[in-house]
Every structure is written in structure tokens, then in C-alpha cells.
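>>> After the sequence you'll find the predicted model.
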Amino acid sequence: MRHPLLAAALLLAAPAAFAGSPDFSLSCATTSTCAQSDFRNVSEDLTAGLHYRSLAPAEATGITGIGVGAYGTYTRVQHEASWKNLTGSDVSAIGMAGIAVHKGLPFNFDVGATYSAIPGTSARLWGAELRYAILPGGIAEPALAVRVAYTGTSGIDQFKYSATSADLSMSKGFAFLTPYIGVGYVRGVADPDASTGLQKETINKSRVFAGARIALLLFEITPEYERTGSNNSYNLRLGFSF
């Protein structure tokens, strides 16, 4: 299974690389022409593209449950002109590729963590989640869960980015297929270096998502569609659960 996992991660990552600006360099900072409105627009795209994604149904995995997987995301930007003004590069999408782990805990709690990279850049992201299944799910009943998560970044020189999120999701398993839907909220913070002359931006966006976990013995495939604000994202996770 190693080759399908690697191939899928690379396939998702390849089209989403940032063209021309490998370190999110704000080229306008050297000429003092950065516009705050452009920075806010870019921050909105970042909030849609870089927040935490669980890519999992709502059901509790139980105290013995553990999972690991590779995932990729692709988010179309809505403000290409602002990216061009700030970085001098043509940016049409934000992509991530990384690894994710989760572990079941007592009392219907689960914890998870991710580590990912933005292809073509030095940016790295790490995240963590805590989930509680209000309804743990079963043969006759759906699962209902609430989740909170945090994402931080490193490797971005001229500004810092972080995000917090919360969501409510519901799922119901049918044999090897477990579809799920959810709604949530994302709060992103982009804090630029003082040398840029820009001010910190805080972005608040609603989020809806839908996906399905397809289980083939221990191997799992989870495609997901998501809309955060006005940005569309397409996500995929390949992994194993025990």
C-alpha cells in the first residue's frame, strides 16, 4: 500500500504549488506599496486553505482505536489580483500535503494531530484536534460529534499565520461506506512583520463540508468537499485504522 499512498499525496500536491513566491515573500514590502486591503484578501484565502481538517466521520473510535494516514488538500483562491500585488506571483490555488494521526480515548473522546507542508515553499503547518462524540454511533443510530482544533505555522518569514476552528459533524456507517456532513467556523489570524507596514488581520469564516470514508479492510479512502466562505476545497485522505 505504500505506493498508492505516496502517489496520491504527490498527485494532490503537484498542482497546488505556489508559483514564483516560494517563501510567501511580500515583494511590495521592499517598495512600501503593500495595500492593507490586498493583505486582508490574501488572509481570507489563507484562512480557507490552511485550517485544520480532520477528514473523518463523527463516530467515536474507542479507547483501542488508532489511525494514521497521508492527506492532501487543494483550495482555489478568490483574490488572484491581491496575491499578484503582494507577492509579484500568479497564485491560483493553495495546496497542502501531510500526515495525520488520531487516537481514541475513553468516554467517546478522540484526539488527532497533523503535520503538513505547502509544496514549493518552506512553509510547514502543524495542528491538533479534540473531538467528543455526543452520539458515538452504532448499527442503528448515527454518530454526532463536536470538534475544536488549532493550526500553527513555521517557515513563513514576513508574517505569522494561525487558525482555530470548531465544527459539528454527523455520520452513519453502511457496511464499508460511512458518509458524513458537517458545519463549522474558522478564525484565522495573519500577523505581518513590522517591516511590511501592514496591520494584523483576523478573518472569521463559516464552513460546510461533506465526505465519505470508504473502508477496504484496514485501508481507508476519504474524499471530502468543503466550502469555507466563498472558497472551494477538495481534500483526500488515504490511511489505515486499527
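Received, thanks. Residues are numbered from 1 along each chain as shown.
>>> so how many other residues sit close to Q199?
Other residues near Q199 come to 11 when the count uses other C-beta atoms under 10 Å. From N, CA and C alone the C-beta is placed, and that goes for glycine too.
>>> need the helix or strand of the protein with the lowest average pLDDT.
Using mean pLDDT, DSSP states H and E, helix 2-13 stands out as the lowest-scoring helix or strand of the chain, at a mean of 41.
>>> who touches the longest helix seen in the chain?
Criterion DSSP state H: the longest helix present in the chain is helix 36-50. By C-beta atoms under 8 Å, 6 or more residues apart in numbering, the residues outside helix 36-50 that reach it are 28, 73, 75, 77-79, 81-83, 85-86, 94-96, 118, 125, 151, 153, 161, 163, 186-188, 190, 192, 198-199, 201, 203, 205, 228-229, 231, 233.
>>> Where strands are concerned, which of these count?
73, 75, 94-96, 125, 151, 153, 161, 163, 186-188, 190, 192, 201, 203, 205, 228, 231, 233 (DSSP state E).
>>> Going through those residues, which ones are buried?
Among the ones in strands among the contacts of helix 36-50, those classed as buried by 16 or more other C-beta atoms under 10 Å are 73, 75, 94-96, 125, 151, 153, 161, 163, 186, 188, 190, 192, 201, 203, 205, 228, 231, 233.
>>> what number of residues lie near Q36?
12.
>>> With the one 10 residues further on instead?
Counted with other C-beta under 10 Å, the burial measure for L46 works out to 25 neighbours.
>>> likewise the one 5 residues further on?
Applying other C-beta under 10 Å, we find 28 other residues in the vicinity of H51.
>>> doesn't G184 make contact with it?
No: contact criterion C-beta atoms under 8 Å: H51 and G184 do not qualify, at 9.2 Å.
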